[in-house]
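**Student:** fold the following.
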Amino acid sequence: MTKFRTHLTRDVIRLGLATSSVLAMLATPAFAQTPQDPQGAADADSDVIVVTAQMRSQNLQDIPLAITAMSGELMEARSQTRLSDITAQAPNVLLQQNPAGSGNSMRAFIRGVGQSDQSPSVEPGVGIYVDDVYFGTVTASAFDLVDLDRVEVLRGPQGTLAGMNSEGGAIKLYSRKPEGKGGYVEASVGNLGRRDFKASADFTVVPDAVYARVTGVTRNRDGHVKLYNYACLNPTDPDVVSGKIPKLISSGDCRSGELGNQRMYAVRGFLRIAPQGSPLEINLIGDYTKDTSNTQASVLIASAESATKGAATGYVNRSGISIPYQGVAYDDRFVTYGQYRRAGAVLNDPFASYANFYDPGVTYQATGPGGGTAVPVGASNGPYIAANASQVEGWGVSGTIDYEISPQLALKSITGYRKYDTLSGNDNDNSPVVFIQSTDWFSHKQFSQEVRLSGNLADNKVHFTVGGIYYDAATRPLSRIHTPFSGFGPPDKPSFSFLNDDTADVKVKAGFANAGWDVTDALTLEGGIRVTNERKDYTFGRLNPDGRGDYLPLSNPSNPLTGFTGTFKATITDYRAVASYKLAQDTMVYAQFATGHKGGGIAPRPYDYRQIRPFGAEKLQSYEAGFKTDLLDRKLRLNGSAFYMKYKGYQGIPTTCVGLDNQPLPANAGGVPGLCGQYLNLADADVKGFELETTIRPVEGMTIDGSLSLVDFKFGKPNFATNDVREGSKRPGIGEWKWSIGAQYKAQLGDLGSLTPRFDISYMPKYCGNFACDPNVKVDSFTLVNARLTYRTLDEDWQVSLEATNLFDKLYYVNKFANAFYTTGQPGRPREVAVTLRRNF
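**Tutor:** Numbers count the residues shown, from 1 in each chain. Okay, here's the model as predicted:
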């Protein structure tokens, strides 16, 4: 195996250069919705954000970029605590916790482009940055919103402006900077066991020179899916009476645990060195997070008895597949709610599961190579317990240096190091049948160095930035794969249980440049270029469950998988060109062309060495036009954009693997349908849509904000004869129409202080969970309402808030997962009510 390591290399010294002057502006929120004052201040100038990052003052409404920005105060007013919560108000943005089985990871999509697979072999399609430092995996990316100044969502390809290449867009989190004084203490108590506590202190270390801020948070909530022992609730079931279904609990309420809870704490320290009158500013940040939560919420919607009902491939009842090795059918008696729940079933609860994370010992040791039932087996592997966990322990440090070389030239350096370890597990079939379970450990380390040089020329009419980034990451995904229904041995003695122990090393070197020319006071032309050189080495390990020796059905002399290293390397150039024109003082229009890509890699889950092959980069050509306007004495802001994108080489997993000749592999050479871990560039696609955002301040104290968006994603002709992508089909997991509206009013109560009610309504679209859009895996649209009532004293030292999320207790599914054997769903959290008390200092 490749040695797990982080490369701290001298290459960073040779990078020299920097981001674009245009991106330097993005240190402050921009385009579609600038940060709003959650207390409803109606000052006409409150939406004017002036920046000087290009050595000139400029209103962000003048910048031709599609960005949604939210201040920390606004996210608090919306009762948002996790990064995924901002999905509700960000147009054409989807951030969701992945289903059980995908570890502690997040699906992230912008304009239909993104990634959900947690494998380090597959790049995120949406770049996530913490204080301008790139975070390189979707695993552990569902950040808690702790003491943030703002979050920015950049839509469309990013890369010629700064940082790493991001094909679909970027999400940037910025910590609140120390100011030398102040702080707060905050506590929240609510139903479902909510117990949150936050505190922050801001102080001066050296007057007029050095400032510090320390913040801590802990969050605790009960899981909303309850685990029940099937045998305890159904003691007369023949399979319980015979002992084939283990009776792990025999009394009480038969509950064995929960899914979807939260148990975490985090601390962050921020040191700002900014001597008064000095051209130098240094910002140093360190953070630590420990999350000990259980596996995300998951329930069984259809068992192997009903999973294929209505499917395009035809109905097949596969419930008997588990009878040979456990003597128990995997059927609909384990469904606790919905159309496949059996009449008279004990439970009728959408928030219940019979998952037990336990195998009494149905798998056997593989003693030789082979395929299917020909695999020779030996002694039993014994009992196995999968982890009920979605845990992360991680820390990171970063340093940003800003130096003004002259009034027309500035240098920025961004250095970051981050490390995390995760533990996750699942009983993905949500039943006492031993069907599919796993325990997963991820270890990840990364180092990045970015440098930007920005300046102004020609009497401040030309603005430029050049820069570069070096990124070096090493990841070790280690998993106990436990899937007896997959076979590999006699039907009554399956051996499909092994350790998947891989390593992935990624190195990226990139340079970028951007320049803008103010042709007239109204017309500005900009252009940018980026060259990215990337190398990925992926080394495979397939070991016996105890870690000793190769797992012979997958790695043996004729199928030498363990120790095999696949390599992907490429150099790709991307471009950006934009023209903007001010029709009036508060109205600007723009048109932009930009390209982006998501790097290729090595398929991470081969079941046969003949399935190992690299896959190419996804590439995107984006055409966009937009406008920004402030009307009615800046009481109305309306921003919009429309886009059309040519998507080349969509990366996806086929049902049947293909060989190097691009033809489906035969069944005896890695071509078993349903057992394919390849990634292929399955097809091209056309994507089009639009976004509208508005902020209205009709009277003093009142703020209304809203958004509306559409993304229309259609595939072209498939590149391979695998019957997965269908011409004209939608991308799975992506809906179309999405909207939100929010309103608040700060009522002044004289000497008593103020009272601010706020309501937020958001609509999430329906979508298909697979290419065929089978009925079991369709996710319905849903509308959620949140409400918050905040009282502040006159001096605003004290604050009390009453909040309700999912006010009308809507039952909805965040996502669903399906295959030919079962369908599961992740139900959203029910109504939650909490009271928060805050003391500001």
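**Student:** from now on I want contacts and neighbour counts done on CA atoms only, so please keep to that.
**Tutor:** Fine.
**Student:** check which helices and strands the helix or strand where residue 575 lies sits against.
**Tutor:** Take DSSP states H and E as the rule and residue 575 turns out to sit in strand 565-584. When contacts are defined as 3 or more C-alpha pairs under 8 Å, 6 or more residues apart in numbering; DSSP states H and E, strand 565-584 sits against strand 523-539, strand 587-598, strand 601-602, strand 614-615.
**Student:** how about residue 538, nearest residue that isn't a chain neighbour?
**Tutor:** Excluding its sequence neighbours, the residue lying closest to residue 538 (C-alpha to C-alpha, 6 or more residues apart in numbering) is residue 504, at 4.5 Å.
**Student:** how many residues are close by the one you found?
**Tutor:** 27 (other C-alpha atoms under 10 Å).
**Student:** so it bridges to which residues?
**Tutor:** Beta-bridge partners for residue 504, by DSSP bridges, are residue 475, residue 538.
**Student:** re the thing from before, in TSV, list the helices and strands packed on strand 565-584 along with mean neighbour count and distance to residue 474.
**Tutor:** Shown next, in TSV, are these (neighbours: other C-alpha atoms under 10 Å; distance: least, C-alpha to C-alpha, whole Å):
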stretch	mean neighbour count	distance to residue 474
strand 523-539	20	10
strand 587-598	23	18
strand 601-602	27	14
strand 614-615	20	19
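**Student:** got these as JSON lines, with distance to residue 644 and mean pLDDT columns?
**Tutor:** Formatted as JSON lines, the helices and strands packed on strand 565-584 follow (distance: least, C-alpha to C-alpha, whole Å; pLDDT from 0 to 100):
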{"stretch": "strand 523-539", "distance to residue 644": "19", "mean pLDDT": "95"}
{"stretch": "strand 587-598", "distance to residue 644": "10", "mean pLDDT": "95"}
{"stretch": "strand 601-602", "distance to residue 644": "27", "mean pLDDT": "88"}
{"stretch": "strand 614-615", "distance to residue 644": "25", "mean pLDDT": "88"}
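**Student:** of all these, which lies closest to residue 575?
**Tutor:** Closest approach to residue 575 among the helices and strands packed on strand 565-584 is made by strand 523-539 (4.5 Å; C-alpha to C-alpha).
**Student:** packing partners of whichever helix or strand comes after that closest one?
**Tutor:** Using DSSP H and E, the helix or strand that follows strand 523-539 towards the C-terminus is strand 542-543. Here strand 542-543 touches strand 497-501, going by 3+ C-alpha pairs under 8 Å, 6+ apart.
**Student:** neighbouring contacts of the strand it packs on?
**Tutor:** Residues from elsewhere that reach strand 497-501 (C-alpha atoms under 8 Å, 6 or more residues apart in numbering): 363, 476-484, 540-547, 551.
**Student:** pull out the buried members of these.
**Tutor:** By neighbour count, with 16 or more other C-alpha atoms under 10 Å, the contacts of strand 497-501 hold 363, 476-484, 540-545, 551 as buried.
**Student:** quick check: the residue nearest to residue 287 when sequence neighbours are not counted vs residue 200, distance?
**Tutor:** Spatial nearest neighbour of residue 287, excluding adjacent residues (C-alpha to C-alpha, 6+ apart): residue 268 at 4.2 Å. Going from residue 268 to residue 200 by C-alpha to C-alpha, to the nearest Å gives 9 Å.
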